[in-house]
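**Student:** Turn this into a model:
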Amino acid sequence: MHAVDPAALAIPHAEKGMRIGLFGGSFNPPHAGHVLVAETARRRLGLDRVWWIVTPGNPLKDHGQLRPLGERLAAVRRLADGPHAAVTAFEAAHRIRYSADTVALLRLRRPGIRFVWIMGADSLASFHRWQAWRRIAAMLPIAVVDRPGASLATLSAPMARYLEGCRLAERDAAALPFRDPPAWVFLHGPRSPVSSTLIRKAYGNAS
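**Tutor:** Numbering: from 1, shown residues only. Below you'll find the model as predicted:
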């Protein structure tokens with residue numbers, strides 16, 4: 001049983017002007033594919049840090065297979081233990097369910113930070129189902145990192161079509177943190193076939 005460290009419930013510290021990537025998810029469990037997404041974005045965008053935001057629970061997913069928050073936090077810390085990573089569960093302390101509210105809170109509490117939303121391309125196809133997804137895109141730039149079998153989603157996803165004129169060329173990715181939203185980029189890089197769903201199935205914990 002892993003208790004939630006009270007320090008993990010606080011919003012991480014950041015100095016004004018820093019470029020911070022926000023990488024949220026259930027991480028149920030975290031795996032090498034998550035690390036590749038975070039590190040690809042950090043390197044290509046020139047980010048100072050990536051905040052791994054371990055959510056209380058994704059409203060679009062079945063919570064029946066969700067491991068306790070403290071357990072998932074501990075697992076993420078084992079993977080994201082470098083100097084450029086911060087692992088946090090502040091959403092639980094603020095009773096936040098939706099990413100749009102997460103972004104709004106951070107813009108209020110951490111003014112002067114250049115935040116970028118990071119997500120794997122496998123999340124792109126369903127982004128339009130997120131609560132207030134257009135508001136998210138209007139509040140901060142978005143980096144979408146390639147995942148196996150998801151590359152073509154950039155051509156057909158509602159989010160990609162909606163923001164078609166706001167997409168940066170991949171060669172200009174380092175400029176993304178300095179762009180006014182809406183702005184986004186699709187990043188190619190090393191890909192891992194591992195997924196949380198496959199891991200749960202391997203252990204017989206998925207329906």
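**Student:** How about the contacts made by the residue most central in space within the chain?
**Tutor:** Closest residue to the average C-alpha location of the chain: Phe23 at 2.4 Å, with C-alpha atoms, centre = their mean. By C-beta atoms under 8 Å, 6 or more residues apart in numbering, the contact list for Phe23 reads 34, 37-38, 41, 50-53, 118-119. Backbone N, C-alpha and C define where each C-beta goes, glycine included.
**Student:** Could you rerun that using 10 Å?
**Tutor:** 34, 37-38, 41-42, 50-54, 76, 80, 85, 87, 116-120, 143, 145 (C-beta atoms under 10 Å, 6 or more residues apart in numbering).
**Student:** Residues in a beta bridge with it, which ones?
**Tutor:** Note on Phe23: beta-bridge partners by DSSP bridges are Trp52.
**Student:** So it versus Pro181, what's the distance?
**Tutor:** Using C-beta to C-beta, to the nearest Å, we find Phe23 at a distance of 17 Å from Pro181.
**Student:** likewise Gly112?
**Tutor:** Taken as C-beta to C-beta, the span from Gly112 to Pro181 is 16 Å.
**Student:** who's more crowded, these two?
**Tutor:** Neighbours were counted for Gly112 and for Pro181 using other C-beta atoms under 10 Å; Pro181 has more, 18 against 10.
**Student:** so who does that one touch?
**Tutor:** Contact analysis of Pro181 by C-beta under 10 Å, 6+ apart lists 115-117, 136-142, 163, 166.
**Student:** how about 7 Å then?
**Tutor:** 137-141 (C-beta atoms under 7 Å, 6 or more residues apart in numbering).
**Student:** Can you classify it by secondary structure?
**Tutor:** coil (DSSP: H, G, I helix; E, B strand; the rest coil).
**Student:** repeat for the one 4 residues further on
**Tutor:** Going by three-state DSSP, the secondary structure assigned to Val185 is strand.
**Student:** Look up which residues are beta-bridged to it.
**Tutor:** Under the criterion used (DSSP bridges), Val185 bridges to Ala143.
**Student:** That one contacts Ala173, doesn't it?
**Tutor:** Yes. Using C-beta atoms under 7 Å, Val185 is in contact with Ala173, at 5.0 Å.
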